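**Student:** Any chance you can model this:
(chains A and B)
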Amino acid sequence: MKDILKNLNKAFENKVRLGIMSALLVNDHLDFNTLKDLLGVTDGNLASHLKSLEKSGYIKFSKEFIGRKPNTKYSACEEGKLAFSKHIKAIEQLLQ
Amino acid sequence: MDKNKYIEDLKDIKQMMNRSSKFISLSGMSGIAAGILALVGAYLAFQTIYADQNYLVYRQASLSSENLLNLLIIALMTLILSIGSGIFFTTRKAKKNKQKLWDSQTKNLLINLFIPLATGGILCFILLLKGFIGIIAPLTLIFYGLALVNASKYTLQEIRSLGLIEIILGLLGIYFIGYGLILWAIGFGILHIVYGIIMHLRYGS
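**Tutor:** Okay, here's the model as predicted:
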């Protein structure tokens, strides 16, 4: 039981962060607006959660320009994918 | 320990993975509409090909250039109306569920659908011009099936098995060449209606 709880990741307790990681796990990369539409949150809210996930080293981003508009693409790092898979597994074990 | 919260979390994860990577606005109603249109089209084509023939003797498919033109018009009308109804019902479903219709999933779906479909369409058109009419109906089934299998990873999972059945019907049609149009009516008509009803019941519309 203790081992399972240890694998539950505090970083993914929040609904928005859970959503971001779920979406980035099955897509190579997503831009800011796509994530916003998927999650239905405000710019500021999404930005702060993206920042905290980035700080944890779970996601990375790259900036490019489409014409003159900046476009930020987010993707999950290997570490993030691993941590999130562990988190899902822990939930599943917990529910068994 | 709040078990319900984690059950909810798992559900959210699954839903988000599906919603962000697949085109899920596909409407069952569009399948039913396309199926009915295909049956009408097949009936008209049957009338055109086997027109003015004595039913007591062996029927032979006959194509004068006038008939060929009629057949092309029937095929085009069926195609345009099917695509139109598909767009209509799918747009309606997306609006109802407040989902974006045109995003990267839709693009992925359409590109992967149209590569085999366009190849098959062009090939059938060439064969039609060269006079090989017998294998056209089953060939459209085969290429449509391949297109569905190819696109199925970007949309609801049922599309894959629909595609596989279309391919099998097409191959049967090539072997039993005289039954091409009947198999076509089964594949594009009845199968679409059956799958449309299944998807309508499973996912709403």
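
**Student:** quick one: contacts for A:Lys55?
**Tutor:** Applying C-beta atoms under 8 Å, 6 or more residues apart in numbering or on different chains to A:Lys55 gives no contacts. Just so you know, the C-beta spots here come from the backbone N, C-alpha and C atoms, and that holds for glycine as well.

**Student:** And for A:Ser22?
**Tutor:** If a contact means C-beta under 8 Å, 6+ apart, then A:Ser22 has A:84, B:12-14, B:16-17, B:20 as its contacts.

**Student:** Got a quick ChimeraX command for the buried subset of the residues you listed?
**Tutor:** Buried members of the contacts of A:Ser22, defined by 16 or more other C-beta atoms under 10 Å in any protein chain shown, are picked up in ChimeraX with:
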select /A:84 /B:13,16,17,20
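
**Student:** does the residue nearest the centre of chain A sit in a helix, a strand or a coil?
**Tutor:** The centroid of chain A falls nearest to A:Met21 when counting by C-alpha atoms, centre = their mean (2.8 Å). In the three-state summary, A:Met21 is assigned as helix, counting by DSSP: H, G, I helix; E, B strand; the rest coil.

**Student:** ranges for the helices of chain A?
**Tutor:** A:2-7, A:15-26, A:32-39, A:43-55, A:78-95 (DSSP state H).

**Student:** Does the longest one reach chain B?
**Tutor:** Looking back up the chat, that one is helix A:78-95. Yes: applying C-beta under 8 Å from any C-beta of the partner chain, one finds helix A:78-95 in contact with chain B at A:88, A:91-92, A:94-95.

**Student:** Tell me which of the contacts of A:Ser22 has the lowest pLDDT.
**Tutor:** Across those, the bottom pLDDT score, 86, is held by B:Ser20.

**Student:** Low-confidence stretches in the chain?
**Tutor:** Unless you meant another one, I'm taking chain A. A:1-4 (pLDDT under 70).

**Student:** look at chain B instead
**Tutor:** Scanning chain B with the threshold set as pLDDT under 70 gives B:1, B:51-63, B:205.

**Student:** Would you mind listing what in it touches chain A?
**Tutor:** B:1, B:3, B:6-7, B:9-10, B:12-14, B:16-17, B:19-21, B:100, B:103-104.
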